[in-house]
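Enquirer: One predicted model, sequence on top.
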Protein chains: 4
Amino acid sequence: MDETWHEHLLRVYYKDTDQMGVVHHGNYVNWFEMGRTEMMQEAGIAYSDIEDLGLLLPVLNLDINYHKSAAYNECVAVYTKIGHYTPIKLQFDYEVRKIDEERFLAQKVSGEGAGKEKEGELLVSGSTLHMWLNKKWKPARIDKTAPDIFERIKREVSNQ
Amino acid sequence: MDETWHEHLLRVYYKDTDQMGVVHHGNYVNWFEMGRTEMMQEAGIAYSDIEDLGLLLPVLNLDINYHKSAAYNECVAVYTKIGHYTPIKLQFDYEVRKIDEERFLAQKVSGEGAGKEKEGELLVSGSTLHMWLNKKWKPARIDKTAPDIFERIKREVSNQ
Amino acid sequence: MDETWHEHLLRVYYKDTDQMGVVHHGNYVNWFEMGRTEMMQEAGIAYSDIEDLGLLLPVLNLDINYHKSAAYNECVAVYTKIGHYTPIKLQFDYEVRKIDEERFLAQKVSGEGAGKEKEGELLVSGSTLHMWLNKKWKPARIDKTAPDIFERIKREVSNQ
Amino acid sequence: MDETWHEHLLRVYYKDTDQMGVVHHGNYVNWFEMGRTEMMQEAGIAYSDIEDLGLLLPVLNLDINYHKSAAYNECVAVYTKIGHYTPIKLQFDYEVRKIDEERFLAQKVSGEGAGKEKEGELLVSGSTLHMWLNKKWKPARIDKTAPDIFERIKREVSNQ
């Protein structure tokens, strides 16, 4: 089976553009966060649950490659998957692709979410590396402190 | 018939919160813009069409009343309607309301958009007043320069 | 004596612009916050001190009037003063004005801060109304719970 | 001589924090842009001059390593220097460091700017890689199209 990704659809708003007439490069950091949040929510690992367990998952590294720019009112898909994981770290990979409006509207109804093959023109690719911390900001082994979450990560990866 | 609004659904992301643990007050300005953009798009008055006609619609006044706060991962509906309009000005009214997750997910499938009655707990209300300008930033009478857009505004208001 | 304001100087960055080629209207909310923070800091009422006292000062109302737009790389002064206050509410008034680069650079050295007369072309004016709350988000009378802060507000107003 | 950096001083505002009680990771992208803009401005290569020459300098790659977090109201220095350059690319390196308030206030008066040695605790390091493009978004050799700017880059690097 081909690899699958979680898909989250967005439209480019005016606030996202800069005077170059394209999406300002900083916005992709937020789009990555939106893709990641929606993916984890759907995988049953909502970040609010993580916080309820006394855990944090801050970003250690962010890396973004800009291939093409997106313009105002264009439709994009944010593709997210878990890149790799250990008991203490978790990496997400992302691709932002431009999709046509028809596809965007159809997909909004038929359902975004997990299990999608990527489509559209590649705009931006990147990754974020995160680390599991406890409330004292010390590293936490997620397989010990929250084995249920660790299982869900494993299952998510095997489904990708 | 009761008045109806355009509904746009959003989830609160981590980036939207501040250390008070709630959505930072500045984010509602962006949410208003998202509601307004989606509403105009659906009414056939995409802002990109407006720019293609050599027109701009900048904000003259912004007013926001904060009633209750929204927390991380909560689901909100942004309700937007045209408050009043003249040939040179256009006012949008907004309400942001908290809705439960079940309703949020169901509504995502059954369809956001125009013609909705408001529901959920009121968080924030407000308005933005805009003015039609030409490329030289001089006031433009929309009924003369773009009568088709003026008709769509009228129709949108009569449908609310 | 003429009224005086707290002055905070800013340069317009690329991230602040949108594809209209001017500062996006949402940025002024942040600039108001920066002006307000610097003013309170200088008046000895740092917001971190307020939080240490178990108090919050969230925004109840935000109102902004947009007169003229600012462009990339232009220099602006954010003028802030306390508009009015009661034991439970606090209103700040703001003006954002465009100043020339020479003046900007000179002022950066000679010192921003309190006690300034406004200068430059008016771009935006507005206000934020805040309410004193305790940790349970219930209204708090600042003259009772933190009389020292109330005194500093009074003194700040008498110096304006 | 030790290497020197351009120093730009910032205070952490409430809007920069998230509910983890620290600066949201996305803000550093903006801080890098502020450091880069101030450095180029001082080096006589204002981005507005670049645009006047019909050139653009978009971001190809962004990489950020997060070492420690910054809290509300803390003072930080953004250190920027040119990492390397060719006739078609330009890389900036950044470090964000936490500095104490006394130093922050003193430095604000004595002058931020070029030629500084880094100080303070390292919070974040990173880089942005940019490419020179003409108005048609095609690569442009800066040594041919704007030799004066190329000379200023060389001079800036030799002064670092």
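Expert: Nice, I can see it. Because the structure is predicted, anything quoted here is derived from the model rather than measured.
Enquirer: Contact residues of chain A facing chain C?
Expert: Selection of chain A residues close to chain C by CB under 8 Å from any CB of the partner chain yields A:14-15, A:17-22, A:24, A:26, A:72. Glycine gets a C-beta too; all of them are placed from N, C-alpha and C.
Enquirer: List the neighbours of the helix or strand in which A:Leu122 is found that are in contact with it.
Expert: Using DSSP states H and E, A:Leu122 maps to strand A:121-131. For strand A:121-131, contacts defined as CB atoms under 8 Å, 6 or more residues apart in numbering or on different chains pick out A:28, A:32, A:36, A:57-70, A:76, A:83, A:88-98, A:139.
Enquirer: And for stretch A:59-69?
Expert: Residues outside stretch A:59-69 that contact it (CB under 8 Å, 6+ apart): A:20, A:22-23, A:25, A:28-29, A:32, A:89, A:98, A:121-131, D:25, D:58-66, D:137.
Enquirer: Just the buried ones from the residues you listed?
Expert: Neighbour counting by 16 or more other CB atoms under 10 Å in any protein chain shown classes A:20, A:22-23, A:25, A:28-29, A:32, A:89, A:98, A:123-131, D:25, D:59-66 among those as buried.
Enquirer: who's in contact with the residue located most distally from the centre of chain A?
Expert: For chain A, the residue at maximal distance from the C-alpha centroid (CA atoms, centre = their mean) is A:Gln19, at 26.9 Å. By CB under 8 Å, 6+ apart, the contact list for A:Gln19 reads C:14, C:17-22, C:72.
Enquirer: Of all pairs in those residues, which one is the farthest apart?
Expert: Spanning the widest gap among those are C:Tyr14 and C:Met20, at 13.8 Å by CB to CB.
Enquirer: Buried members of the residues of chain A next to chain C into ChimeraX, please.
Expert: Remark: buried members of those, expressed as a ChimeraX selection using 16+ other CB under 10 Å:
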select /A:14,15,17,18,19,20,22,24,26,72
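Enquirer: Show residues contacting the worst-scoring helix or strand of chain A on mean pLDDT.
Expert: Every helix and strand in chain A was compared by mean pLDDT, DSSP states H and E; the lowest is helix A:101-110, with a mean of 83. Helix A:101-110 is contacted from outside by A:7, A:9, A:11, A:75, A:77, A:99, A:119-120, B:109, B:111, using CB under 8 Å, 6+ apart.
Enquirer: Take these and keep only those in strands.
Expert: Judged by DSSP state E, the subset of these located in strands is A:7, A:9, A:11, A:75, A:77, A:99.
Enquirer: Going by distance to C:Glu151, which of those residues wins?
Expert: Checking those one by one against C:Glu151 (CB to CB), the nearest turns out to be A:Arg11, at 50.4 Å.
Enquirer: picking that back up, partners of the residue lying closest to the residue farthest from the centre of chain A once chain neighbours are set aside in the sheet?
Expert: Distances taken as CB to CB, 6 or more residues apart in numbering or on different chains place C:Thr17 nearest to A:Gln19, at 4.1 Å, with adjacent residues excluded. Beta-bridge pairing of C:Thr17 under DSSP bridges involves C:Val23.
Enquirer: Now that C:Thr17 has come up, it's in contact with C:Gly26, right?
Expert: No: C:Thr17 is beyond contact range of C:Gly26, at 11.7 Å (criterion: CB atoms under 8 Å).
Enquirer: report the longest helix in chain A, please.
Expert: helix A:27-42 (DSSP state H).
Enquirer: Wait, a helix at A:Lys144?
Expert: Yes: secondary structure of A:Lys144 (DSSP: H, G, I helix; E, B strand; the rest coil): part of a helix.
Enquirer: dump the residue contacts of it.
Expert: Neighbour list for A:Lys144: A:Pro87 [criterion: CB under 8 Å, 6+ apart].
Enquirer: Let's see that with 10 Å instead.
Expert: By CB atoms under 10 Å, 6 or more residues apart in numbering or on different chains, the residues touching A:Lys144 are A:87, A:150.
Enquirer: Look up how far chain D lies from it.
Expert: Using CB to the nearest CB, to the nearest Å, we find A:Lys144 at a distance of 22 Å from chain D.
Enquirer: what separates that residue from chain B, distance-wise?
Expert: Shown here: A:Lys144 relative to chain B, a distance of 25 Å by CB to the nearest CB.
Enquirer: measure that residue to A:Phe150 for me?
Expert: Counting by CB to CB, to the nearest Å, the separation of A:Lys144 from A:Phe150 is 9 Å.
Enquirer: next one: A:Lys108
Expert: Separation of A:Lys108 from A:Phe150 (CB to CB): 33 Å.
Enquirer: Tally up the residues packed near the closest residue to A:Arg155 other than its chain neighbours, please.
Expert: Leaving out its chain neighbours, the residue that sits closest to A:Arg155 by CB to CB, 6+ apart is A:Ala43, at 7.8 Å. A:Ala43 has 18 neighbouring residues, counting by other CB atoms under 10 Å in any protein chain shown.
Enquirer: List the contacts of A:Ala43.
Expert: Taking CB under 10 Å, 6+ apart, we find A:Ala43 in contact with A:6, A:82, A:114, A:149, A:152-153, A:155-157, A:159.
Enquirer: Could you tell me the phi and psi values at it?
Expert: Backbone torsions of A:Ala43, given as degrees, to the nearest 10, read phi -80, psi 0.
Enquirer: What residues sit buried inside stretch A:145-155?
Expert: Neighbour-count burial for stretch A:145-155 flags A:146, A:149-150, A:152-153 (criterion: 16+ other CB under 10 Å).
Enquirer: do stretch A:92-103 as well
Expert: The neighbour-count check on stretch A:92-103 (16+ other CB under 10 Å) flags A:92-99 as buried.
Enquirer: of these, closest to chain B?
Expert: A:Phe92 (13.7 Å; CB to the nearest CB).
Enquirer: quick revisit: looking at the buried residues of stretch A:92-103, which is nearest B:Glu51?
Expert: Checking the buried residues of stretch A:92-103 one by one against B:Glu51 (CB to CB), the nearest turns out to be A:Lys98, at 19.1 Å.
Enquirer: contacting residues around that closest one?
Expert: Each residue near A:Lys98 by CB under 10 Å, 6+ apart is listed here: A:12, A:68-71, A:74-77, A:104, A:119-124.
Enquirer: And the residues you listed, which of them are buried?
Expert: Among these, those classed as buried by 16+ other CB under 10 Å are A:12, A:69-70, A:74-77, A:104, A:120, A:123-124.
Enquirer: And the residues you listed, which is the shakiest by pLDDT?
Expert: Of all those, A:Phe104 has the smallest pLDDT value, namely 88.
Enquirer: Can you give me the distance of that one to B:Asp52?
Expert: A:Phe104 sits 20 Å away from B:Asp52, going by CB to CB.
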